[in-house]
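[1] coords please:
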Amino acid sequence: MWIADSWNDYEVIDCSKGEKLERWGAYTLVRPDPQVIWNTPRTHAGWKKRNAHYHRSSKGGGEWEFFDLPEQWTIRYPNLNLTFHLKPFRFKHTGLFPEQAVNWDWFSEKIKQAGRPVKVLNLFAYTGGATLAAAAAGASVTHVDASKGMVQWAKENAVSSGLADAPVRWLADDCVKFVEREIRRGNTYDAVIMDPPSYGRGPKGEIWKIEDAIHPLVKLCTQILSEQPLFFLINSYTTGLQPAVLAYMLGTEMKKYGGRIAAEEIGLPVSESGLVLPCGASGRWES
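    Numbering: from 1, shown residues only. Below is the predicted model:
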């Protein structure tokens, strides 16, 4: 498992009974987590003194219960000198997936050691964690997400991270259609990052279902790679897409480039137990 263990401002304190207790900077949140199927004693005081608690509904979805939490606050990732704006919003999220830091560190080193200009395409780019990590490492980045609100949030994170003038193209667009247009234009990239949702809709209502769409998109993306691609990263939070599936897709479509493929679960250390909470999977191809 690849473990994101370099945070100072973020911590999984404990997890039990389908929920995790987290510290985000100065604030503690309780949020549901489907991986937490064990029922261990909740002895840490944070379970009762949390700043906010997201409750699942038996009818689907859920809602936040707030005790003492600002509308927005920031945390830093010191390894890459990045600052992120956080706020609780729909579907239990805060605007950041801290486990992805283990991938940021990996590809940042690839970019720094490339010895040449690197163009990165970040698809389903959300609030810009991977975009900012790549830009901070010296790459020029094209950031694509279907949500205008997420793109604006990513821009705010760029400003806070001192990357307002970094070479980033910010685009609110359907990721598949964008790649198809880039193929027609003849544009190429040295690296691709994608973090697709299990299910979603594009700006014009286009339906995305990952089981049907992910492999065709990977195949499409190989058509916009440069002659010397550097890396290809796929993230998955979908139960059926295990690391071996990600590795097989990359192995099938990147075979002509040689290189190396690795795929693992990604996780976060849990302070109280000393164990690691699994948080999805990633597949990596590198030259």
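[2] switch to C-alpha atoms for all contacts and neighbour counts from now on
    Fine.
[3] and stretch 99-107, which residues are buried?
    By 16 or more other CA atoms under 10 Å, the buried positions in stretch 99-107 come out as 99-105, 107.
[4] who touches that stretch?
    2-6, 79-80, 129-130, 133-134, 231, 266-268, 279 (CA atoms under 8 Å, 6 or more residues apart in numbering).
[5] Any chance of a markdown table for the buried residues of stretch 99-107, columns pLDDT and secondary structure?
    Output for those, formatted as a markdown table (pLDDT from 0 to 100; DSSP: H, G, I helix; E, B strand; the rest coil):
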| residue | pLDDT | secondary structure |
| --- | --- | --- |
| Glu99 | 98 | helix |
| Gln100 | 98 | helix |
| Ala101 | 98 | helix |
| Val102 | 98 | helix |
| Asn103 | 98 | helix |
| Trp104 | 98 | helix |
| Asp105 | 98 | helix |
| Phe107 | 98 | helix |
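[6] Count the neighbours of the closest residue to Asn81 other than its chain neighbours for me.
    Leaving aside its sequence neighbours, Asn81 sits nearest to Ser161 (CA to CA, 6 or more residues apart in numbering; 6.9 Å). Look at Ser161: counted by other CA atoms under 10 Å, it has 20 neighbours.
[7] what do you get for Leu132?
    Using other CA under 10 Å: Leu132 sits among 30 other residues.
[8] I'd assumed Pro78 was in contact with the residue nearest to Asn81.
    No. Assessed by CA atoms under 8 Å, Ser161 is found out of contact with Pro78, at 10.7 Å.
[9] Which strands and helices lie in contact with the helix or strand encompassing Ala244?
    Per DSSP states H and E: Ala244 is located in helix 243-253. Packing partners of helix 243-253 (3 or more CA pairs under 8 Å, 6 or more residues apart in numbering; DSSP states H and E): helix 210-221, strand 260-269, strand 276-286.
[10] hang on, the earlier thing: got a list of what the residue nearest to Asn81 touches?
    Counted by CA under 8 Å, 6+ apart, Ser161 has contacts 81-84, 132.
[11] will you turn these into TSV that also has secondary structure and distance to Ile111?
    Converted to TSV, the contacts of Ser161 look like this (DSSP: H, G, I helix; E, B strand; the rest coil; distance: CA to CA, whole Å):
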residue	secondary structure	distance to Ile111
Asn81	coil	16
Leu82	strand	16
Thr83	strand	20
Phe84	strand	21
Leu132	helix	13
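[12] out of the residues you listed, which is most surrounded?
    Going by other CA under 10 Å, Leu132 tops the contacts of Ser161 with 30 neighbours.
[13] And what about the nearest residue to that one once chain neighbours are set aside, helix, strand or coil?
    Spatially, and ignoring its direct neighbours in sequence, Leu132 is nearest to Ala158 (6.5 Å; CA to CA, 6+ apart). Assigned with DSSP: H, G, I helix; E, B strand; the rest coil, Ala158 falls in the helix class.
[14] Return the distance of Ala158 relative to Ala135.
    Ala158 is 9 Å from Ala135, where distance means CA to CA, to the nearest Å.
[15] Which parts of the stretch 1-150 of the chain are helices?
    In the stretch 1-150 of the chain, the segments counted as helices under DSSP state H, counting those that start in this stretch are 101-112, 129-136, 148-160.
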